[in-house]
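Engineer: how would this look folded up:
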Amino acid sequence: MTERASAQPGNPMFGIALKCISVVVFVGMQVSIKAGGEGLPAGQIVFFRSFFALVPVVAYLLWLGELSTALQTNDLTGHFVRGAVGVVSMACGFFALTRLPYPEWITISYGAPLLTVVFAAIFLKEVIRAYRWTAVAIGLFGIVVVSAPNFTLAAEGLGEGQAIGIAASMMSAVVAAIAMIQIRRLVRTEKTTTIVLYFSLTCSAIALLSVFLGWQPLDARQASFLVLSGLCGGVGQLLLTACYRYADTSTIAPFEYTSMLFAIGIGYFVFGEAASLTTLAGAAIVISAGIFIIWREHRLGIERRKARRVSTPAGG
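Structural biologist: Presented below is the predicted three-dimensional model:
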């Protein structure tokens, strides 16, 4: 079965289930990085996350008998660009994750889909109407609500570490949005499995170069958490890829925000980090804006399909 054929949605509940499981697995990856990566160089964390993600990805491709074909590409340069951008995003994000309360970090990461709308207008010349621009503006305001207290404390000489973490997390969201634009370009000519495989390979190779900047020796606990982060990352990527084969993006995407519930619970019970009122308020604003954009895309998709049916002659 070709990828195009297998990508036709046909079992929404199964797709939603896969999406929810992928959210749990990615949360496990993030918790592992936060637990084992504190004080470690970002490049070292990125290498473990990328290299050990290859284990489940390669195993899956071997099981499908598609490993050799997955390496066939028409755009090697595009994959390298995707990997390089991904390394920067992960490095900034993981640096921030080890320095911020988990709920704050995950709220700011929700900014990436909002910024993707902006970059799609700039780089892909997509037409963005007033509704979506308004939602993007409101969502970014929610990120300001979350971030402002940290920068205020930094200006007063307090909380400098968290302010740096906020800045790194914002940079990660910006670069992640650029990565999403690059993925949109790649999917026009490349298979999903090819994109996933080259991403892990490229990120591993680039992150390995950071060893010359100085890695730190790992104890058994740190090594275990970092290896686990990579395995979770690979499994999560496969689940995320699979879920869109069974349901439309507009059906699945809102379930990404269930990670906020895990962030609040894990932050409190595991790391002793209570979510502040500004974080909760900002998260509510960002999530509302994100869901509105998804709903708007769904409505526009329905209108476009209706317009095509009307313009197509009967029997044609």
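Engineer: tell me the buried residues in stretch 245-262?
Structural biologist: Residues of stretch 245-262 classed as buried: 245-247, 250-253, 255-257, 259-260, 262 (neighbour count, 16 or more other C-beta atoms under 10 Å). Glycine gets a C-beta too; all of them are placed from N, C-alpha and C.
Engineer: pLDDT on it, on average?
Structural biologist: Taken as a whole, stretch 245-262 carries a mean pLDDT of 82.
Engineer: just the helices in the stretch 1-150 of the chain please.
Structural biologist: All helices of the stretch 1-150 of the chain, identified by DSSP state H, counting those that start in this stretch, fall at 3-6, 12-36, 42-51, 54-64, 67-70, 76-97, 102-109, 111-123, 130-155.
Engineer: need those helices in TSV with distance to Q182, can you?
Structural biologist: Shown next, in TSV, are the helices of the stretch 1-150 of the chain (distance: least, C-beta to C-beta, whole Å):
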stretch	distance to Q182
helix 3-6	19
helix 12-36	20
helix 42-51	16
helix 54-64	19
helix 67-70	18
helix 76-97	5
helix 102-109	18
helix 111-123	9
helix 130-155	20
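Engineer: of all the ones you listed, which lies closest to G165?
Structural biologist: helix 76-97 (4.4 Å; C-beta to C-beta).
Engineer: what comes into contact with the closest one?
Structural biologist: 30, 33-34, 37, 42-43, 45-46, 49-50, 73, 105, 108-109, 165-166, 168-169, 171-172, 175-176, 178-179, 182-183, 185-186, 190, 194-195, 198-199, 201-203, 205-207 (C-beta atoms under 8 Å, 6 or more residues apart in numbering).
Engineer: coming back round to it: take the buried residues of stretch 245-262 and keep only those in helices.
Structural biologist: Using DSSP state H, the members of the buried residues of stretch 245-262 that fall in helices are 250-252, 259-260, 262.
Engineer: ok, those vs A307, which is closest?
Structural biologist: S250 (17.5 Å).
Engineer: can you pull the buried residues of the longest helix along the chain?
Structural biologist: Longest helix in the chain by number of residues, with DSSP H as the criterion: helix 277-311. Buried residues in helix 277-311, defined by neighbour count with 16+ other C-beta under 10 Å: 278-280, 282-283, 285-287, 289-294, 297.
Engineer: ok and it relative to helix 102-109, angle-wise?
Structural biologist: Compare the direction of helix 277-311 with that of helix 102-109 by axes from the mean of the first three to the mean of the last three C-alpha atoms, to 10 degrees and you get 30 degrees.
Engineer: okay, now the unreliable bits of this protein?
Structural biologist: 1-10, 150-160, 249-250, 310-316 (pLDDT under 70).
Engineer: ok, back up a step: buried ones from the contacts of helix 76-97, can you make that a PyMOL selection?
Structural biologist: The PyMOL selection below is limited to those of these classed as buried (16+ other C-beta under 10 Å):
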select buried, resi 30+33+34+37+42+43+45+46+49+50+73+105+108+109+165+166+168+169+171+172+175+176+178+179+182+183+186+190+194+195+198+199+201+202+203+206+207
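Engineer: excluding covalently adjacent residues, which one is nearest to V85?
Structural biologist: Leaving out its chain neighbours, the residue that sits closest to V85 by C-beta to C-beta, 6 or more residues apart in numbering is A179, at 4.6 Å.
Engineer: now F141
Structural biologist: Looking at F141 with C-beta to C-beta, 6+ apart, the closest residue is I285, at 6.4 Å.
Engineer: how about the contacts made by the one you found?
Structural biologist: 138-139, 141-142, 145.
Engineer: need the contact partners of the helix or strand L231 falls within.
Structural biologist: According to DSSP states H and E, L231 maps onto helix 220-243. With C-beta under 8 Å, 6+ apart as the test, helix 220-243 has contacts from 15-16, 18-19, 21-22, 25-26, 28-30, 32-33, 35-37, 40, 45, 48-57, 60, 192-193, 196, 200, 218, 252.
Engineer: circling back: quick one: which of the ones in helices among the buried residues of stretch 245-262 is nearest N11?
Structural biologist: Closest to N11, out of all of those and judged by C-beta to C-beta, is T251, at 10.9 Å.
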